[in-house]
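J.: here is the input, now give the coordinates:
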Amino acid sequence: MRAENAKNDGNGRGEGRMVKVSYRVTFDTPAFLGNAEQSGQWRTPPFKHLLREWWRVAWAERNDPRDWRRMREMEGKLFGHAWLENDHDSEGGAVSARRSPVRLRLTPWKAGGLTGLPKTRPVATKAPASGLYLGYGPVRGATKLKMRHPVNEGESAQLQLAWPKMHAGAEYMERMLALIHAFGTLGGRSRNGWGSLALSGDGLPVLEGAPLRDWRDCLREEWSHAIGADDRGALVWRTQKLRTEWKSVIEDLGPIRKQVNGWVSRKEREMINQPVGGRGGRLPNTLRFKVRHDEKDPEKLYGLIFHMPCKPPEGFRLNVNSPVQVWQKVHGLLDGHEGLKRGGV
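T.: Numbering: from 1, shown residues only. Purely as a prediction, here's the structure:
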C-alpha cells in the first residue's frame, strides 16, 4: 500500500502515526449521487457511508457479529458519532459526540456529466427496458432520468484517505478497501448494479477470499455482515458472457432480477424485498448486483450477483412461514440459470 506516516491527525490531538493512501475511484456504471437540489454530484458523504458499510463487514469477519454493540462503539470512535454514551476524551471526561480521526478527501468535487441513458433492448416483450427495471425511481423511462446529470460511467476522481495507524479498528481498514473494490456500489439503486465502482492505484489491497458465513447463520442477525455460503461455496454468481460495454451487462442483469421476482410468489417477494415502509418496516434487498471488470481481460465486463442475507428487522411482519425455504428456492434458481455460473470471488 502506498502510505506515509505523520505525527498526528492535523488537529494536534496526538492520534499517533497516520497511514495515508490515495486511489483513483472510477464508476463502471452511472451513479445516482445527488445533492440537495437532486442534481448529480461527486460528494464525500456517500463515500463515508461506503467506508462504514464495508468496515463493518471487515470487523464481523474477525469478531462475533452478535456483539454489534461493541462493533458500533468501535465504529463510532473511528468514524465519528453523536450517540455513544460511554465515550471519553483523553482526560477521562465523558463526550457525547466525536469527530472522526479518519480523513477523507475527494478531488475534485464536481457535477455529474450524464444527460441520458443509452437506449437498451427490452427485458422481455412489452416489459420495460433493463435500465428502467433496475433503476426504477432514478430512471423514469428507458432513457429518461429523474435526477439531473448523474455521475456518468467512466468518470473518476482521486480518493485520499488517512487514519491513525494504532487507533482501535484501524486494523480493518485495508481489508475494507479490498472489499469496496470487489463489491462496492454507491448511490440510488446501487444494489441493482448502478454506481458500480472500482479502485486503482499502487498498493491497492488484494482481496484474499470473500468474507463468508453460512447463510442460515446470517439470517440470525439484523444486519448484512457477510456474504452467504452453502455446501457449494460462496453464494456468488457471475454472468457467463463478457461484454465490452456496461449497458450490455445491465441488459444481462435486468431480466435476472425480473425473473427472481417472478419465480417466487407475491408473499415470498415481500419477504425478499420491501424497499419502502410497510409490514412493520423497510427490508432492503439482500441479493446484490455489481458490474465488474474481468480479472483476465480488464477491457471486458461481467455482472456479479452476491447474497448478503440478514434477518428482517424486529417487528417486520412476514407473509411466509420460513424465509429459509424462500431463499433456498432463489439460490436453486440462480444455480440453474443458463446465463450464470457460480464463482467470481
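J.: drop to CA atoms for contacts and neighbour counts, all remaining ones
T.: OK.
J.: so, low pLDDT: which residues of the stretch 101-250 of the chain?
T.: 109, 113, 115, 117-133, 135-149 (pLDDT under 70).
J.: now do the helices in it.
T.: 130-134, 173-183, 215-218, 246-263 (DSSP state H, counting those that start in this stretch).
J.: reformat these as TSV; add distance to residue 155.
T.: Converted to TSV, the helices of the stretch 101-250 of the chain look like this (distance: least, C-alpha to C-alpha, whole Å):
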stretch	distance to residue 155
helix 130-134	19
helix 173-183	16
helix 215-218	35
helix 246-263	13
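J.: deepest-packed of the ones you listed, please.
T.: Comparing those by mean neighbour count (mean count of other C-alpha atoms under 10 Å), helix 130-134 ranks first with a mean of 26.
J.: pull the number of nearby residues for residue 163.
T.: The number of residues packed near residue 163 is 26, by other C-alpha atoms under 10 Å.
J.: same deal with residue 74?
T.: So residue 74, with other C-alpha under 10 Å, has 19 neighbours.
J.: any idea whether it is helix, strand or coil?
T.: The local conformation at residue 74, judged by DSSP: H, G, I helix; E, B strand; the rest coil, is helix.
J.: same question, residue 328
T.: helix.
J.: what separation do you get for the residue nearest to residue 307 when sequence neighbours are not counted and residue 107?
T.: The shortest distance from residue 307 to any non-neighbouring residue, by C-alpha to C-alpha, 6 or more residues apart in numbering, is to residue 287 (4.5 Å). Residue 287 is 32 Å from residue 107, where distance means C-alpha to C-alpha, to the nearest Å.
J.: higher neighbour count, the two?
T.: Neighbour totals were compared for residue 287 and residue 107, and residue 287 leads with 21 against 14 (other C-alpha under 10 Å).
J.: just checking, what packs against the helix or strand where residue 306 lies?
T.: Per DSSP states H and E: residue 306 is located in strand 301-307. Here strand 301-307 touches strand 227-230, strand 236-239, helix 246-263, strand 287-293, going by 3 or more C-alpha pairs under 8 Å, 6 or more residues apart in numbering; DSSP states H and E.
J.: mean confidence for the last one?
T.: Taken as a whole, strand 287-293 has an average pLDDT of 96.
J.: please name every helix or strand in contact with it.
T.: helix 246-263, strand 301-307.
J.: what's the answer for the second one, then?
T.: Under the contact criterion of 3+ C-alpha pairs under 8 Å, 6+ apart, strand 236-239 touches strand 301-307, strand 340-342.
J.: residue 26: what secondary structure?
T.: Secondary structure of residue 26, per three-state DSSP, is strand.
J.: and it, bridged to which residues?
T.: residue 156, residue 198 (DSSP bridges).
J.: ok, it - contacts?
T.: 153-157, 197-199 (C-alpha atoms under 8 Å, 6 or more residues apart in numbering).
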